[in-house]
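Enquirer: Coordinates for the following, if possible.
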Amino acid sequence: MKRFKYIFSMLFISLGMVSCTEKYLDAVPNDQLSGATFWKTESDINMALAGAYRGWDNGMDVVMRDAMTDNDYSWLTVTGYQQVGNGTVNPQNVTIGNGGRVFSYTQIRKYNSFLENIEGMTIDAALKDKLKSEVRFLRAYDYFLKAMFFGDMPLITKTNPSTELPSRTPVAQIHTFILDELDKISKILPVQNNITAKGHVTRGSALALKARLELYLGKYADAMASSKAVIDMGVYELYPNYEQLFYRQNKANNKEAIAEIQHIQNDYATSIPWQRLPAWKGGYSENAVSRSIVEEYETINGLKISQDPAYDPNKPFANRDPRLAMSIAYPGSTWFGRIYTALDPQFGGSSNPDYYLNDGSKAAQMSKKYLDPGIQNAERQNFDAPIMVIRLAEMYLTYAEAAVESGQNLVLGLEYLNKVRTRAGQINATVLTRELVRRERRVELAFEGLRYFDIKRWDLGPTVMNGPFYGSRLGTVNQTTGDVTWGTNYILVENRTFYPLRKYLLPIPQSEIDVNKNMTQNPGY
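Expert: Numbering: from 1, shown residues only. Here you go, the predicted model:
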């Protein structure tokens, strides 16, 4: 079969966020071709699979999800992440996930349609099972996001399940469905794909997502078994250079990626550079990194900054965990060949609260992940970096956390955690503790879209998502040497409010409740 590329197909044109009721009561939506005119040839299968992969997650969403947390801030209100982070999200403005994609059932309908229609196709049985398993993974992942963000959601596995308006399925039932699907397809999917199917999900993808959900549900023995199964496959390796792990030029030999969103220039590109580059590099300085996460990185001695007597608050970035400089552009650092001045007012002086945006961001600190040095101006909205959704380091940390929480296999858990630290050039830890594992997850996986889920399952919201969100300490940057003369105060980016009654769930869009009497609202809205 020809290589399945993630191409634009008239078969599946997303219409944006509309009612899941409307989608599922239309026998043949206007944006799809019916079985009478499609599903005739092998080429039709290729197109349908391409349509299924297109949009299974959005690379921009993955890197922006930390703006819902104490790691990051986004000044873009249209994405919805800022509102979740500061507590102003409501049923009228919830747009999370590429214009509401996470709540939308457009993708689910694609997956269900594929699974139903491929049954009637005459192709090799083993190949059919493999392709069905790929799409079942995509559907399971979609429901994973729905369950994590909204809790109870309609669990729909057929294109036209009934004439009744869909009601919310208990989230525990959705979790069971996801885990069951992933377990079954992990026995069918190949350990590795050949070159013609690069980027397609594999057995490791299924087991890794299973391990992630098991960890989140506190199924520690299962999470250890699933993550270790991925580790022991022998097909994944930690990329030797942490910073370059996220550079697109290394995508051909990156064995750390377990599941990733493939992008193709002029075809299915991403605009991450356009949004995330500083203004002087042609971007919108969209994100603002918090003081909180900067202070979370250890010193090079493996100690918290509050515990290391060698830490100098007037040289805050010296002798720190190497991942800090690899992940975050901060005042005085060098980025794209120039000093990142960030703190110097370029427009309007200090009376303008956003004056940092010319050279830095609203916090004067920015994420560097996926912004490799080779970006050209013409590529800002036409970028082809693959965005990792799951990678091997997460599996090592999953095992370590499950070990410490269960009190089992602590030696191996520490060994796995230290593999991640060693790759980054950070000193080995000597004792596996809950605090260590949580700190390691936060810094290793920073700006990769997982922090909100961690805050949710550890119930840290009242502590870390309530009150002022600070950015960099104020000061003056020497534009020749990069030396910073620090002041006393920190940039106040915004004040946040956390609502415990919401239980970390987002609101059901009011537009959905208006058209579906069976939909109910989440608590606290």
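Enquirer: Which elements pack onto the lengthiest helix in the chain?
Expert: Identified as the longest helix of the chain according to DSSP state H is helix 125-150. Under the contact definition 3 or more C-beta pairs under 8 Å, 6 or more residues apart in numbering; DSSP states H and E, helix 125-150 sits against helix 42-53, helix 106-117, helix 171-186, helix 203-216. Every C-beta, even on glycine, is put in place using the N, C-alpha and C of the backbone.
Enquirer: deepest of those, which one?
Expert: helix 203-216 (a mean of 25; mean count of other C-beta atoms under 10 Å).
Enquirer: Identify all contacting residues around it.
Expert: With C-beta atoms under 8 Å, 6 or more residues apart in numbering as the test, helix 203-216 has contacts from 133, 137, 140-141, 144, 148, 175, 178-179, 182-183, 185-187, 189-191, 220, 222-223, 226-227, 229-230, 233, 235-236, 258-259, 390, 394-395, 398, 401-402, 453, 457.
Enquirer: related to what we said a few turns ago, just how off-centre is the longest helix of the chain within its chain?
Expert: 17 Å (C-alpha atoms, centre = their mean, to the nearest Å).
Enquirer: Show me the strands in the stretch 201-350 of the chain, by range?
Expert: Listed in chain order, the strands of the stretch 201-350 of the chain (DSSP state E, counting those that start in this stretch) span 257-261, 287-289, 328-329, 334-335, 338-339.
Enquirer: average model confidence for the third one?
Expert: Model confidence over strand 328-329, given as mean pLDDT, is 96.
Enquirer: ditto for the first one
Expert: For strand 257-261, mean pLDDT rounds to 94.
Enquirer: Which neighbouring elements make contact with it?
Expert: On a contact count with 3+ C-beta pairs under 8 Å, 6+ apart, strand 257-261 meets helix 203-216, strand 387-391.
Enquirer: Any chance of a markdown table for those, columns mean pLDDT?
Expert: Formatted as a markdown table, the helices and strands packed on strand 257-261 follow (pLDDT from 0 to 100):
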| stretch | mean pLDDT |
| --- | --- |
| helix 203-216 | 98 |
| strand 387-391 | 95 |
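Enquirer: Out of the ones you listed, which gets nearest to N71?
Expert: Smallest distance to N71 across the helices and strands packed on strand 257-261 (C-beta to C-beta): 16.9 Å, for strand 387-391.
Enquirer: distance between the helix or strand that that closest one is followed by and the chain's centre?
Expert: Sequence-wise, the next helix or strand downstream of strand 387-391 (DSSP states H and E) is helix 392-406. Put simply, helix 392-406 sits 18 Å off its chain's centre (C-alpha atoms, centre = their mean).
Enquirer: Which other helices and strands does the next helix or strand after helix 392-406 contact?
Expert: On the C-terminal side of helix 392-406, the nearest following helix or strand under DSSP H and E is helix 410-424. Where contact means 3+ C-beta pairs under 8 Å, 6+ apart, helix 410-424 is packed against helix 322-327, helix 392-406, helix 434-444.
Enquirer: Deepest-packed of the ones you listed, please.
Expert: The highest mean neighbour count among the helices and strands packed on helix 410-424, using mean count of other C-beta under 10 Å, belongs to helix 392-406: a mean of 25.
Enquirer: quick one: average confidence on that one?
Expert: Per-residue pLDDT over helix 392-406 has a mean of 98.
Enquirer: got a list of contacts for that helix?
Expert: For helix 392-406, the external contacting residues (C-beta under 8 Å, 6+ apart) are 208, 211-212, 215, 218, 220-221, 223-224, 227-228, 230-231, 236-238, 255-256, 258, 409-410, 412-414, 416-417, 419-420, 423, 432-434, 437-438, 440-441, 444-445, 450.
Enquirer: Name the residues that touch stretch 310-321?
Expert: 294, 297-301, 303, 305, 324-325, 330, 332-333, 424, 426, 443, 473, 486.
Enquirer: In contact with K503: list those residues for me.
Expert: Residues counted as contacts of K503 (C-beta under 8 Å, 6+ apart) are G151, N522, P523, G524.
Enquirer: ok, the first one - how many residues close by?
Expert: Just to be clear, that refers to G151. A total of 19 residues lie near G151 under the criterion other C-beta atoms under 10 Å.
Enquirer: do the same with the second one
Expert: Neighbourhood size, N522 [other C-beta under 10 Å]: 19.
Enquirer: Would you confirm that it contacts G151?
Expert: Yes. Counting by C-beta atoms under 8 Å, N522 does reach G151; the two are 6.3 Å apart.
Enquirer: K128 contacts T122, correct?
Expert: No. Between K128 and T122 there is no contact under C-beta under 8 Å: 9.3 Å.
Enquirer: Kindly check the end-to-end length of stretch 515-522 for me.
Expert: 16 Å (C-alpha to C-alpha, to the nearest Å).
Enquirer: That stretch: which residues count as buried?
Expert: Of the residues in stretch 515-522, N516, M519, N522 count as buried by neighbour count, 16 or more other C-beta atoms under 10 Å.
Enquirer: With respect to F246, which of those is nearest?
Expert: Nearest to F246, judged by C-beta to C-beta, of the buried residues of stretch 515-522 is N522 at 34.0 Å.
Enquirer: What helix or strand is that closest one located in?
Expert: Assigned by DSSP H and E, N522 belongs to neither a helix nor a strand.
Enquirer: repeat for I455
Expert: Assigned by DSSP H and E, I455 falls within helix 451-458.
Enquirer: Summarise which helices and strands that helix is packed against.
Expert: Judged by 3+ C-beta pairs under 8 Å, 6+ apart, helix 451-458 is in contact with helix 434-444.
Enquirer: what is the orientation angle of the longest helix of the chain with helix 106-117?
Expert: Note on geometry: by axes from the mean of the first three to the mean of the last three C-alpha atoms, to 10 degrees, helix 125-150 and helix 106-117 are set 160 degrees apart in direction.
Enquirer: Now helix 125-150: average pLDDT?
Expert: Helix 125-150 comes out with an average pLDDT of 97.
Enquirer: pretty sure T476 is in a helix, no?
Expert: No. T476 is assigned strand when assessed by DSSP: H, G, I helix; E, B strand; the rest coil, not a helix.
Enquirer: any low-confidence regions in this structure?
Expert: Within the chain, the stretches with pLDDT under 70 are 1-37, 97-99, 161-162, 194-197, 344-360.
Enquirer: Next, the buried residues of the strand ranked longest in it.
Expert: Counting by DSSP state E, the longest strand found in the chain is strand 484-496. Using 16+ other C-beta under 10 Å as the test for burial, strand 484-496 gives V484, W486, Y490, I491, V493, E494, R496.
Enquirer: ok, back up a step: adding distance to L76, write the helices and strands packed on helix 125-150 out as TSV.
Expert: Formatted as TSV, the helices and strands packed on helix 125-150 follow (distance: least, C-beta to C-beta, whole Å):
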stretch	distance to L76
helix 42-53	26
helix 106-117	22
helix 171-186	29
helix 203-216	27
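Enquirer: hmm, back to that, as a markdown table, the helices and strands packed on strand 257-261 with distance to M68 would be great.
Expert: Conversion of these to a markdown table gives the following (distance: least, C-beta to C-beta, whole Å):
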| stretch | distance to M68 |
| --- | --- |
| helix 203-216 | 16 |
| strand 387-391 | 17 |
